[in-house]
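Colleague: coords please:
(one chain, ligands or ions: 2)
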Amino acid sequence: MVLGPPAMPTRGTDDVAHGHSHELAPTWEEARAKAYEVAEPLPSRGVALASATGYILGVDVCAVHDMPHYASSAMDGWAVAGSPPWILAERGSRLSPGQAAPIVTGGLLPHGAKAVLRSESGSLSTDEEGLPILVLGGGARPGEPKNGQHIRPAGQEARSLDLLIKAGTTLNPAHIALAALGGLDALDVLGRPSVQLVFTGDEVVAAGIPAPGFVRDAFTPQLGGVVEALGGSVVGLRRASDNLESMLEALADNEDNPADVIVTTGATGRSSADFLRAAITQMGAKMHVANIAMRPGHPSLLAEFPDGRFLVGLPGNPLAAMIGLLTLGAPLLARLGSLAMPATFEVPCGSPIKESAGPTRLMPYRLVYGLASPCAFTDSAMMRGLAAADGVMVVPPHGAKMGESLQAFALPWK
Ligand SMILES: Nc1nc2c(c(=O)[nH]1)N[C@H]1C(S)=C(S)[C@@H](COP(=O)(O)OP(=O)(O)OC[C@H]3O[C@@H](n4cnc5c(N)ncnc54)[C@H](O)[C@@H]3O)O[C@H]1N2
Ligand code: MOO
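Modeller: Ligands and ions are numbered 1, 2, ... in the order given. Here you go, the predicted model:
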């Protein structure tokens, strides 16, 4: 049930309250629109077949030759011409009626061959003069060999220049095999942004049970996968310690493995342990989005270095980081990869949501009887809510009525 149009997202004032900026933070919609607009699609390029799986095809792929490009045998046996018995000819020589030559599956069919007799259907013998001949064996089926039997004609699958794969297709292993059979060595694919991940936080531990004051690393085991699902190609993972020098080092370009985008986690704040914003300023980057009027994830930022690399800065709190990535990272990666702006859709709100003093809320929801019910456990440091979610809905500060239509977006792993 839809009771009315979705309310416009509203700017929050929390950024002003925290003294972060003299300007109002952009709304969720403005921030994602900005992240799409600031970038230009990367140029398409040729990629060897072995590396092309997962890329999006930039131009139609047509067969370079007939597929198969020669008439061949579909069975191990003999290529035959005329009726049995057959006199045995040299392998590969032209056959006259009454002749046969051994052939293997996929073997080039000799000129003059009319059918292939399976090895199970023939047997070698000798004629009255002691010359080797081929006769039908006990395993032969009635009427075997029929004209054309077990022959794969040239061009059976495709003719030269036939369309094999349409531009815009995401290449899977079957497409790669098809392209190889079609005679191609490389494919023109849309540019895919390469992404360098930079994780911060001296308190973060990779495994086991952390002591109080330390936290388990929620990002390293999965953030790269989400970036890949959003169209990025992860080229490296670095860790920065909580100091400016280490941050500057981690944000420096890797000439061996250049990145189009850097995604950082943590250190977006202004505490004595947060050095991201200082590093961005020192490196002369342009700040496109300094924070967003949304919760969670309001300190998420988008900057651009003078060398053209983009930086998506995600907060350290895990849910806030995921929301930041889906708000800024998803549109940016889509644009760089020549894809459309990630879609949003509307869901009917499954329970009344009270007004809040803060900005727009991004709420993980579960679909219950077709209604979007806010998940529990969705504080910005929590993950249970998102782990159970079907999507995320955009709830304006004044809340929503039961059944009211709200803008929402899908999760990249759903
Ligand atoms: N005075 C203010 N304090 C804070 C504000 C504010 O506006 N004024 N905003 C809060 C919000 S909202 C967020 S979100 C965080 C953003 O913090 P940072 O981006 O600077 O992130 P950190 O301080 O480095 O970490 C925050 C939190 O996340 C944990 N963390 C970091 N990395 C990981 C990881 N790999 N896996 C799991 N958890 C991680 C970290 O231990 C902290 O608990 O600032 C608030 N404060
Ligand atoms: O906005 Mo923070 O990102 O709520 O947790």
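Colleague: After the helix or strand bottoming out on mean pLDDT in the chain, which helix or strand is next?
Modeller: Scoring the helices and strands of the chain by mean pLDDT, DSSP states H and E places helix 14-17 at the bottom, with a mean of 39. Using DSSP states H and E, the helix or strand that follows helix 14-17 in sequence is helix 28-37.
Colleague: tell me the mean pLDDT for that following helix?
Modeller: For helix 28-37, mean pLDDT rounds to 98.
Colleague: neighbouring contacts of it?
Modeller: With C-beta atoms under 8 Å, 6 or more residues apart in numbering as the test, helix 28-37 has contacts from 9, 26, 288-289, 292-294, 300, 302, 312, 327-332, 334-335, 341-342, 360, 362, 394. (Each C-beta comes from the backbone N, C-alpha and C, glycine too.)
Colleague: And those residues, which of them are buried?
Modeller: When burial is judged by neighbour count using 16 or more other C-beta atoms under 10 Å, the buried members of the contacts of helix 28-37 are 9, 26, 288-289, 292-294, 300, 302, 312, 327-332, 334-335, 342, 360, 362, 394.
Colleague: what's the neighbour count on the residue in the stretch 101-250 of the chain positioned nearest to ligand 2?
Modeller: Residue of the stretch 101-250 of the chain nearest ligand 2, by C-beta to the nearest ligand atom: A218 (13.2 Å). Counted by other C-beta atoms under 10 Å, the residues lying close to A218 total 18.
Colleague: and it, helix, strand or coil?
Modeller: The three-state assignment at A218 reads coil, by DSSP: H, G, I helix; E, B strand; the rest coil.
Colleague: Tell me the spacing between it and A321.
Modeller: Distance of A218 to A321, given as C-beta to C-beta, to the nearest Å: 8 Å.
Colleague: What parts of this protein come near ligand 1?
Modeller: By C-beta under 6 Å from any ligand atom, the residues of the chain that approach ligand 1 are 18, 199-201, 203-204, 215, 217-219, 265-269, 274, 296, 298-299, 315-318, 320, 380.
Colleague: Domains in the chain, by residue range?
Modeller: Here the domain parsing of the chain from automatic domain parsing is 14-43+192-336, 45-66+157-189, 72-152, 345-410.
Colleague: so how far is the shortest one from its chain's centroid?
Modeller: Once both centres are worked out by C-alpha atoms, centre = their mean, to the nearest Å, domain 45-66+157-189 turns out to sit 17 Å from its chain's centre.
Colleague: Same check on the third one?
Modeller: For domain 72-152, the gap between its own C-alpha mean and the chain's C-alpha mean amounts to 49 Å (C-alpha atoms, centre = their mean).
Colleague: Endpoints of it, how far apart?
Modeller: Taking C-alpha to C-alpha, to the nearest Å as the measure, domain 72-152 stretches 5 Å from start to finish.
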